[in-house]
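*Asks:* with the sequence up front, the predicted model follows.
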Amino acid sequence: MDFSALTGIGALSGSSNLSNLSNLSNKEVSNIYSAYNDTLSSLTDVSDVDGENFSSILDSMMSSLNETNTLQNQAEEVEIQFALGKLDNTHDLLVAQTKANTALQYTVAVRDRLIEAYQQIMQMQI
């Protein structure tokens, strides 16, 4: 960013009327315009990067939710098989239940952090 444009902006900010506009040289006006364009392009780049990061985080969370759901369904299926007598190994039942419980605890912890972050953002003064 070209910081020489700040001198032209500083000259404008001191007065309440527009007479200082006529005191700016063409070079100062072009510097202000260039600084404005640089700022817009940097803001556009930031929003694109944040959009990509947010979508990747959202995709990751959705896959995590799907995995948690799958583990819960598998644990329920193993419980049903054990109750029907089709499965004699209690170790498999315990492993399936532990996987499902751990995934659920992780998902709840992430959800709680997201809610906490949202609440902090909503409390920010603008």
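*Replies:* All right, it came through fine. Numbering: from 1, shown residues only.
*Asks:* where does the protein dip in pLDDT?
*Replies:* 1-52 (pLDDT under 70).
*Asks:* residue boundaries of the helices in it?
*Replies:* For the chain, helices defined by DSSP state H occupy the ranges 5-13, 26-83, 90-122.
*Asks:* distance check, Met124 against Gly85.
*Replies:* Per CB to CB, to the nearest Å, Met124 is found 58 Å from Gly85. Where C-beta positions appear, they are placed from N, C-alpha and C, glycine not excepted.
*Asks:* repeat for Glu116
*Replies:* According to CB to CB, Glu116 stands 45 Å off from Gly85.
*Asks:* neighbour-wise, which of those two wins?
*Replies:* Glu116 (10 against 7; other CB atoms under 10 Å).
*Asks:* gap between that one and Gln123?
*Replies:* Glu116 sits 11 Å away from Gln123, taking CB to CB as the criterion.
*Asks:* Leu114 now?
*Replies:* Note on Leu114: its distance to Gln123, by CB to CB, is 15 Å.
*Asks:* so which of these two has more stuff around it?
*Replies:* Leu114 (12 against 7).
*Asks:* how much space between the residue nearest to Gln81 when sequence neighbours are not counted and Asn101?
*Replies:* Nearest residue to Gln81 in three dimensions, chain neighbours excluded: Leu87, at 4.3 Å (CB to CB, 6 or more residues apart in numbering). For Leu87, the distance to Asn101 equals 18 Å [CB to CB].
*Asks:* more neighbours: the two, which one.
*Replies:* Leu87 (16 against 13).
*Asks:* quick one, phi/psi of Asp88?
*Replies:* Here the main-chain torsion angles of Asp88 (degrees, to the nearest 10) amount to phi -100, psi -20.
*Asks:* how close does the closest residue to Leu71 other than its chain neighbours sit to Glu79?
*Replies:* Leaving aside its chain neighbours, Leu71 sits nearest to Ala100 (4.4 Å; criterion: CB to CB, 6+ apart). From Ala100 across to Glu79, the span is 10 Å (CB to CB).
*Asks:* what's the burial count for Thr68?
*Replies:* Neighbour count of Thr68, defined by other CB under 10 Å: 19.
*Asks:* good, we can wrap up now.
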